[in-house]
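Colleague: okay, sequence plus prediction incoming.
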Amino acid sequence: RGMKMQRDEKCIRRCRWERRLRSISFFFSSRRRHTRCSGVSWARRCVQETEIKHLSRIMAEQKLQRIDNYLQEHYQQIQSHHLRDLLQDESRNARLRTQHNNILFDYSHTKVTADTLPLLERLAQDAHLFERIEEMFAGKKINTTEDRSVLHVALRLPAGQKLEVDGQDVNKEVQEILQRINSFSSTIRQGIAPGLTGKSLLNVVVIGIGGSYLGIEFVYEALRSHPDCLKSAQGRRLRFLANVDPIDFSRAVDGLSAEETLFVINSKTFTTAETMLNAKSCRNWLIEQYGKLGHDISTKEAQNKVVNAHMCAVSTNLKGTSDFGISEDRVFGFWEWVGGRFSVCSAVGILPLSLHFGYDIMRQFLDGAHDIDNHFRNEKNIQKNIPILLGLLGYYNNTVQNCSSRAILPYCQALCKFAPHIQQLDMESNGKRVSLDGHELEYLTGPVNFGEPGTNGQHSFYQLLHQGRTIPCEFIGFCKSQNPIFLSGEPVSNHDELMSNFFSQPDALACGKVVEELRAEGVPNELINHKTFPGDRPSVSLLFPELNAFTSGQLLAIYEHRTTVEGFIWRINSFDQFGVELGKVLAKNVRTFFTKNRGHEENPQLEGYKFNSSTAYQLQQYLAHSK
């Protein structure tokens, strides 16, 4: 009765707001007939225009809040239904799975019933989800804070498909860059474009950080054990230099011959502090190594010859790259509508990966991503659209069930760098505190993403997953192994042993183990509580035929679009990242402090820097012990 009264009160307040908005709108429609207004009338009009915007926003928020409240009420109704009981319903289970192009997505192990699905669909409708998706694909400037389009989907369009934005055929520009990458990577791989001394460039070191590194390493690790990719990359090495920590530089160049090494500098502006310091370190290393080989590197011209033969760049700053010593024909551009964490399909990723695996393999990767792009955009049945379902369930787990984390659990060692990439993709996109119009949110967004390949993770943090806090899990598996092993005398293959865990863990999390089972096994009473598994922990499963270039692209696009869906529903801008800037700004002050106090470590000058006493003390300790 109390809940009904609360709902009635909300309905009454909502009706009052709606009547007031209609009356104000009628006032303006009548005022528009007058061509002149007095000062008082104009002031009143300005005030009421502001009020209309405010009321419109409130009503939009109330509309979203109503469905969210309805989901909350629905969840309260089904919360007592344990997953072990829900999983006994075969018709329910059959309804909670879908397939696309041999990808099976099963979400029967989530706290969802047949009644939940219409509510999730209504949530998507109230968030105008398909309209927002279409705006993104059409190149509308949905990144409103930076006034930019969001078009990473254009990076994997097939040749000949036109996409016009602001009067420009975006795909034509994309294909031109891809053709240049194809040509350049082929000449490097075939030895047609060697290093300065004529030796083939067999080693590639990618210099970049964040989105200019994480996605590329994920794809590299995903493909490097596949037989086709292994054969294509035979005799070649691909390494990464991301951290400005000099240890990372030392490891990146360890054992490499300068004569056989090509560096790829990934920096849109060619000004990123960490990347440029690493790039300068690599340039210095090249020049030093050639000096040790007896080459005259005393002039800038000689040094630039070394640099241009062993360095290329992905950047839009042609002056910066030229000043660095890299000629324009070795610089590959990309566009402001490509966010860093969405850039693996641009030259940022496709160039170094084509240098290592060959362009044809990377085209398969792009085609896989494009396949999911089409599925995401064109499948209007939400219960069959995998990225939308994954996003709606993510919202449901995070905002309705108040789960603040989620675990990404690929049962494939080749995906060892997938979770770190999704950490950046998701947390940098959706870790926001204000809505699109800049108002502080009344709910939390962006769960903490973490993960580890199975079965390694089982011996790391699954204890918490089973008997600690509730963390929704996302299992990713493959029917075939890249490197199958069958040992004589063993009951199953190595891959079957791995996948035995893939299929059992969702059931263990959902069903748990109850007291009666433990007593039937003869467990001592004093250990009953210790060995009880409460279960009722949600998870979803993605099962692919195998991990190859095409399915790697599919997997990437599924998670990119899941992130976008959640952002659309939360009504936030998933495509800016102002949160990464403050620490960088403060670091400039510390950098200046170091510059002025090196050589005076015993008595550093702290005046004028506005460090708090704690930071000042740490800086003094650092200087004293780092001489």
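Modeller: Looks like it arrived, so ask away. This is a predicted model, so every value here is computed, not measured. Numbering: from 1, shown residues only.

Colleague: alpha carbons only for contacts and neighbour counts from here, please
Modeller: Fine.

Colleague: hmm, P227 and Q482 touching each other?
Modeller: Yes. Applying Cα atoms under 8 Å, one finds Q482 in contact with P227, separated by 7.0 Å.

Colleague: so between the two, which is more surrounded?
Modeller: Neighbour comparison, Q482 and P227: the larger count goes to Q482, with 20 against 13 (by other Cα atoms under 10 Å).

Colleague: isn't there a helix covering that one?
Modeller: No. Q482 sits outside any helix when classified using DSSP: H, G, I helix; E, B strand; the rest coil, being coil.

Colleague: ok, it to L119 distance?
Modeller: Distance, Q482 to L119, using Cα to Cα, to the nearest Å: 40 Å.

Colleague: again with G198
Modeller: 65 Å.

Colleague: Q289 now?
Modeller: Applying Cα to Cα, the value for Q289 to L119 is 64 Å.

Colleague: next one: P410
Modeller: 29 Å.

Colleague: now K300
Modeller: Counting by Cα to Cα, the gap from K300 to L119 is 67 Å.

Colleague: between the two, which one's more packed in?
Modeller: Taking neighbours as other Cα under 10 Å, K300 and L119 compare with L119 leading, 16 against 10.

Colleague: quick check: the more buried one is in a helix.
Modeller: Yes. Secondary structure of L119 (three-state DSSP): part of a helix.

Colleague: pretty sure it contacts L71?
Modeller: Yes. With contact defined as Cα under 8 Å, L119 and L71 form a contacting pair (6.7 Å).

Colleague: list the contacts for the residue most central in space within the chain?
Modeller: With distances taken as Cα atoms, centre = their mean, L425 lies nearest the centre of the chain, 1.5 Å away. L425 makes contacts with R341, F342, E560, T563, as judged by Cα atoms under 8 Å, 6 or more residues apart in numbering.

Colleague: run the last query once more with 7 Å
Modeller: Going by Cα atoms under 7 Å, 6 or more residues apart in numbering, L425 touches R341.

Colleague: can you tell me the helix or strand for it?
Modeller: Assessed by DSSP states H and E, L425 sits inside helix 418-430.

Colleague: do R92 as well
Modeller: Per DSSP H and E: R92 is located in helix 90-95.

Colleague: buried stuff in the helix or strand following that helix?
Modeller: Downstream of helix 90-95, the first helix or strand assigned by DSSP H and E is strand 97-100. Neighbour counts over strand 97-100 (16 or more other Cα atoms under 10 Å) mark R97, T98 as buried.

Colleague: repeat that for stretch 525-534.
Modeller: Buried residues in stretch 525-534, counted by 16+ other Cα under 10 Å: I528, T532, F533, P534.

Colleague: just stretch 277-284 next, same as before
Modeller: Neighbour-count burial for stretch 277-284 [16+ other Cα under 10 Å]: N278, A279, C282, R283.

Colleague: which one of these sits closest to S91?
Modeller: Using Cα to Cα, N278 comes nearest to S91 of these, at 57.3 Å.

Colleague: how deep is the closest residue to A114 other than its chain neighbours tucked in, by neighbour count?
Modeller: Once flanking residues are discounted, A114 sits nearest to R92: 6.7 Å by Cα to Cα, 6 or more residues apart in numbering. By other Cα under 10 Å, the residues close to R92 number 15.

Colleague: same deal with F550?
Modeller: 20.

Colleague: so who does it touch?
Modeller: F550 sits next to Q364, F365, D367, G368 when contact means Cα under 7 Å, 6+ apart.

Colleague: show me how far the host helix or strand of the third one is from its chain's centre.
Modeller: Applying DSSP H and E as the criterion places D367 in helix 359-378. With Cα atoms, centre = their mean, to the nearest Å as the basis, helix 359-378 stands 17 Å off its chain's centre.

Colleague: could you export that helix as CSV, CA atoms only?
Modeller: In CSV, the C-alpha atoms belonging to helix 359-378 read as follows (Å, rounded to 0.1, in the frame of the first residue of the first chain):
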residue,chain,number,x,y,z
TYR,A,359,48.2,-6.6,-44.5
ASP,A,360,45.9,-9.5,-45.7
ILE,A,361,45.6,-10.9,-42.2
MET,A,362,44.8,-7.5,-40.8
ARG,A,363,42.1,-7.0,-43.5
GLN,A,364,40.4,-10.1,-42.1
PHE,A,365,40.5,-8.5,-38.7
LEU,A,366,38.8,-5.4,-40.0
ASP,A,367,36.2,-7.5,-41.8
GLY,A,368,35.4,-9.3,-38.5
ALA,A,369,34.9,-5.9,-36.8
HIS,A,370,32.7,-4.7,-39.7
ASP,A,371,30.6,-7.9,-39.4
ILE,A,372,29.7,-6.9,-35.9
ASP,A,373,29.2,-3.3,-36.8
ASN,A,374,26.5,-4.4,-39.3
HIS,A,375,24.9,-6.7,-36.7
PHE,A,376,24.9,-4.0,-34.1
ARG,A,377,23.4,-1.4,-36.4
ASN,A,378,20.9,-3.5,-38.4
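
Colleague: what's downstream of it, the next helix or strand?
Modeller: Following helix 359-378 in sequence order, the next helix or strand is helix 386-395 (DSSP H and E).

Colleague: angle of that next one against helix 359-378?
Modeller: Counting by axes from the mean of the first three to the mean of the last three Cα atoms, to 10 degrees, helix 386-395 lies at 70 degrees to helix 359-378.

Colleague: tell me what helix 386-395 is packed against?
Modeller: Helices and strands touching helix 386-395, as assessed by 3 or more Cα pairs under 7 Å, 6 or more residues apart in numbering; DSSP states H and E, comprise helix 549-570.

Colleague: what mean pLDDT does the helix it packs on get?
Modeller: Taken as a whole, helix 549-570 carries a mean pLDDT of 98.

Colleague: got the buried residues for that helix?
Modeller: So, applying 16+ other Cα under 10 Å, buried residues of helix 549-570: 549-570.

Colleague: residue contacts, V514?
Modeller: T532, F533.

Colleague: before we move on, back to that, need the pLDDT of the residue nearest to A114.
Modeller: In the prediction, the pLDDT value recorded for R92 is 97.

Colleague: next: K584.
Modeller: Looking at K584, its pLDDT is 89.

Colleague: which strand or helix spans I350?
Modeller: Short version, using DSSP H and E: I350 is in helix 347-357.

Colleague: er, S250 actually
Modeller: helix 246-253.

Colleague: what packs against that helix?
Modeller: Checked by 3+ Cα pairs under 7 Å, 6+ apart, helix 246-253 has strand 237-241 packed alongside it.

Colleague: distance check, S149 against I142.
Modeller: From S149 across to I142, the span is 6 Å (Cα to Cα).

Colleague: okay, these two: which has more neighbours?
Modeller: The residue with more neighbours, out of S149 and I142, is S149; 23 against 20, by other Cα under 10 Å.
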